[in-house]
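Visitor: mind folding the following:
(one chain, ligands or ions: 1)
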Amino acid sequence: MTKEKETVSLEQQSSSNRRAFMKFGAIGAAAAVASVVPAVAQTGKDAASPRKELSGKTSFITGGARGLGLATAEELARAGSDIVLYDIASKAIPNVGYAISDDADLQAAKAKIEALGVKCLAIKGDVRDRKSLNDAMARTVSELGSLDIVVANAGISQAGSIDEFTDADISVVYDINVKGVILTTQAAAPHMKKQKSGRIIYISSGLGRVGNELFPIYTSTKWAVIGFAKSAAVTYGRDGILCNVIAPGLARTQLADNPYILKKMMPNDPNPTFDKLSAMLMAGNPLPYGHVEPVDVAKAILFFAGSATTKVTGEVFDVSYGANARNVA
Ligand SMILES: NC(=O)c1ccc[n+]([C@@H]2O[C@H](COP(=O)([O-])OP(=O)(O)OC[C@H]3O[C@@H](n4cnc5c(N)ncnc54)[C@H](O)[C@@H]3O)[C@@H](O)[C@H]2O)c1
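Guide: Sure, this is the predicted structure:
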């Protein structure tokens, strides 16, 4: 069954459920559900295993070796999707003040995903490299059959006052956080256009909604991600490609929980920790949290990858303990 047909048949099911409910009440509707679900459960790429929301789909996640990318990969895999983890996995990037993933992280991530019972490719590559991304997406389609969901997640952070940043500091964060997202989209679009379907989910930040004196360059890259994602939504809507953005608040990952960022955020504390930072930030938040966990963000990404959002594009969705409630719109 094609993906389009799958969507239609789910819609048909729910309208037949509605009709059954009106005619026979709740028991009739339950019988109608029972009569259609097994038929769906037996179709698709793997008829032997129970069908899940993303069974038969393939998800490509940049920066998938750890943090939000890995949590997303786990969530999408639990929903039945095969996974491609695309990550630079080089341990260090010049002009980035904290360690990034290495080979061991990428291999451990692949093992974690495979343990969930789906296929997983781990591809070492840089989102700044057009050819590498093009090759990785082509390999995805040839080995896993399709490219259905792309999560443009790879990103780096840096902190300091505007006056401190060198040319090289500015270039590295723009090249990864903005150009990398654009190249990821350009590499994915031809495959998704051919399929006439696809989801691209962009990871911006709560800082992509406001100004911030401690993360001025990073903040501007995260605004750029939103501007680009909305442009992609407008461009590719008629090709069946939906483009939405998740804007996480502070998340417990090594991008934030590292000595470089913590010292910048808590300059007066001789022993800054992520938990202290979270407690400090909680005071200003509508919900009683100072940070989110990676799984909180991953669940929102799953929502934008799944059947609940087939008619949604160009949206920005915050996972940020209510912080966006203070913003203008
Ligand atoms: N952690 C937070 O508080 C937070 C908040 C808002 C938004 N975000 C965004 O979420 C995304 C993921 O961040 P995270 O917190 O999981 O960080 P992380 O550092 O834990 O993970 C980022 C991953 O991206 C990979 N990566 C970095 N540069 C790359 C490149 N050039 N090519 C390919 N892979 C590369 C790293 O190796 C790493 O595995 C980023 O875009 C970040 O800006 C994070």
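
Visitor: would you mind listing what in the stretch 51-200 of the chain touches the ligand?
Guide: When proximity is defined by Cβ under 6 Å from any ligand atom, the stretch 51-200 of the chain lies next to the ligand at 62-63, 65-69, 87-89, 100-101, 126-128, 153-157, 176, 180. Any C-beta I mention is one placed from the backbone N, CA and C, and that applies to glycine too.

Visitor: secondary structure element holding Phe304?
Guide: helix 294-305 (DSSP states H and E).

Visitor: with only the CA atoms kept, save that helix in PDB.
Guide: The C-alpha coordinates for helix 294-305 follow below in PDB (Å, rounded to 0.1, in the frame of the first residue of the first chain):
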ATOM      1  CA  PRO A 294      15.700  14.900  25.000                       C
ATOM      2  CA  VAL A 295      12.700  12.600  24.900                       C
ATOM      3  CA  ASP A 296      10.300  15.500  25.400                       C
ATOM      4  CA  VAL A 297      11.600  17.100  22.200                       C
ATOM      5  CA  ALA A 298      11.700  13.700  20.400                       C
ATOM      6  CA  LYS A 299       8.000  13.200  21.100                       C
ATOM      7  CA  ALA A 300       7.100  16.500  19.400                       C
ATOM      8  CA  ILE A 301       9.200  15.500  16.400                       C
ATOM      9  CA  LEU A 302       7.300  12.200  16.200                       C
ATOM     10  CA  PHE A 303       4.100  14.200  16.200                       C
ATOM     11  CA  PHE A 304       5.300  16.200  13.100                       C
ATOM     12  CA  ALA A 305       6.500  13.000  11.400                       C
END
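
Visitor: what helices or strands is that helix leaning on?
Guide: helix 67-78, strand 198-203, strand 241-248, strand 316-319 (3 or more Cβ pairs under 8 Å, 6 or more residues apart in numbering; DSSP states H and E).

Visitor: quickly check: the last one near the ligand or not.
Guide: No: legend: contact between strand 316-319 and the ligand by Cβ under 6 Å from any ligand atom is lacking; minimum distance shown is 8.9 Å.

Visitor: hmm, who's touching that strand?
Guide: 204, 206, 208-209, 226, 229, 244-249, 292, 296-297, 300, 303-304, 324 (Cβ atoms under 8 Å, 6 or more residues apart in numbering).
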